[in-house]
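Student: here is a sequence together with a model predicted from it:
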Amino acid sequence: MILPAATATAGAFGLALILIPTIRRLAHRFKWYDLPNKRKIHTGLIPRLGGPGMHLSFVAAALLTPPLVALVSGGGAGLRYGLRYIPFFLGITLFHVV
């Protein structure tokens, strides 16, 4: 049970290492900045899109863990167990988008 969780964690970390700098470059290219004003601490232009990279990494790891458990355990129970959480991930994705 530890191997699939460790693999999913490493996968999420690796995906975040790839996605976050890529999204940051896109934010700079299209000038999607959080502009400084009197209510904010930062004094420079800050890219706004760090959250989608973290969100996608979390959801990908969470959705890939049950198939990994099913593969390691040799049964389909892990996969059926993981399908229960799809509405939850759709909900947090909708919350993230809004």
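Tutor: Cool, the structure landed. Residues are numbered from 1 along each chain as shown.

Student: state the next helix or strand along the chain beyond the helix or strand of the chain with the lowest mean pLDDT.
Tutor: Ranked by mean pLDDT, DSSP states H and E, the weakest helix or strand in the chain is helix 77-83, scoring a mean of 63. On the C-terminal side of helix 77-83, the nearest following helix or strand under DSSP states H and E is helix 86-97.

Student: can you give me the buried ones in that next one?
Tutor: Within helix 86-97, no residue is scored as buried using 16 or more other CB atoms under 10 Å. Any C-beta I mention is one placed from the backbone N, CA and C, and that applies to glycine too.

Student: elements contacting it?
Tutor: Packing contacts for helix 86-97, counted by 3 or more CB pairs under 8 Å, 6 or more residues apart in numbering; DSSP states H and E, involve helix 51-73.

Student: angle of the helix it packs on against helix 86-97?
Tutor: Put simply, helix 51-73 runs at 160 degrees to helix 86-97, going by axes from the mean of the first three to the mean of the last three CA atoms, to 10 degrees.

Student: centre of the chain to helix 51-73, how far?
Tutor: The chain centre lies 9 Å from the centre of helix 51-73; the measure is CA atoms, centre = their mean, to the nearest Å.

Student: for that helix, buried residues please.
Tutor: For helix 51-73, burial by neighbour count (16+ other CB under 10 Å) applies to 52-62, 64-66, 68-70.

Student: and that helix, what does it pack onto?
Tutor: helix 2-29, helix 77-83, helix 86-97.

Student: now the ones you listed as a markdown table including distance to Arg48?
Tutor: Listed next are the helices and strands packed on helix 51-73 as a markdown table, based on distance: least, CB to CB, whole Å:
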| stretch | distance to Arg48 |
| --- | --- |
| helix 2-29 | 6 |
| helix 77-83 | 32 |
| helix 86-97 | 13 |
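
Student: of the ones you listed, which is nearest Arg39?
Tutor: helix 2-29 (20.7 Å; CB to CB).
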